[in-house]
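>>> When you get a sec, could you give me coordinates for this:
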Amino acid sequence: MIIVDNVIQDRPVLEKFADRDLWVQFDDDTTLDKSRKIVSTNLDSGSELKDIWEFLVFALYDNPFLDLHGYGATEIEYWGNVLREKAELEWHQDKREDIYQETGETILPKQGVIWYGYPHKVWGGYLEVKHKYEYWEDIERVEPVYNRAVVFDPSDWHRVDRILGGERYGFQLNLW
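Modelled structure (predicted):
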């Protein structure tokens, strides 16, 4: 697991993501579509990004502190969520949901990233990742801090612990 605080240094970029309505709309879009958005990592210089979220995908993908190019991904899946007080996400492994629903085949990602890009105040809502060893298991906990990126293996069992107060804003991407 890699944790990078203040991962996006460009203030004008950060200010673009300080709009709560932008996050709420994106969360609603990904929930209503019942699908996540997928882009190719082979973005050529003539390609135009569709929206601010695709811009963010490549800002994170190209960030030298996160070193995501080394995973050999050909696609990036991304989505956002806003979790409110008393919400939590149960233990799960990320997989290609579109393929799983179509064929039942479980395809696990190469790597994942969570970025907390809205200047929120939240109590609880920790990312918890379960590491299993031969005779014991360990749970690693990461606090959802503004402008923090967490790079981890989302094929490991993980969850979002219960939110005790406030709202948690997360942007997630998986490398395939």
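
>>> in the lowest-mean-pLDDT helix or strand in the chain, what counts as buried?
Within the chain, no helix or strand scores below helix 20-33, which has a mean of 83 by mean pLDDT, DSSP states H and E. Going by neighbour count (16 or more other Cβ atoms under 10 Å), the buried part of helix 20-33 is 22-23, 26-27, 30. All C-beta spots, glycine's among them, are computed from the backbone N, C-alpha and C.

>>> and if you look at stretch 107-117?
109-117.

>>> how about those in JSON lines, adding distance to Val57, pLDDT and secondary structure?
Formatted as JSON lines, the buried residues of stretch 107-117 follow (distance: Cβ to Cβ, whole Å; pLDDT from 0 to 100; DSSP: H, G, I helix; E, B strand; the rest coil):
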{"residue": "Pro109", "distance to Val57": "14", "pLDDT": "95", "secondary structure": "coil"}
{"residue": "Lys110", "distance to Val57": "15", "pLDDT": "96", "secondary structure": "coil"}
{"residue": "Gln111", "distance to Val57": "14", "pLDDT": "97", "secondary structure": "strand"}
{"residue": "Gly112", "distance to Val57": "13", "pLDDT": "97", "secondary structure": "strand"}
{"residue": "Val113", "distance to Val57": "10", "pLDDT": "98", "secondary structure": "strand"}
{"residue": "Ile114", "distance to Val57": "13", "pLDDT": "98", "secondary structure": "strand"}
{"residue": "Trp115", "distance to Val57": "10", "pLDDT": "98", "secondary structure": "strand"}
{"residue": "Tyr116", "distance to Val57": "16", "pLDDT": "98", "secondary structure": "strand"}
{"residue": "Gly117", "distance to Val57": "12", "pLDDT": "96", "secondary structure": "coil"}
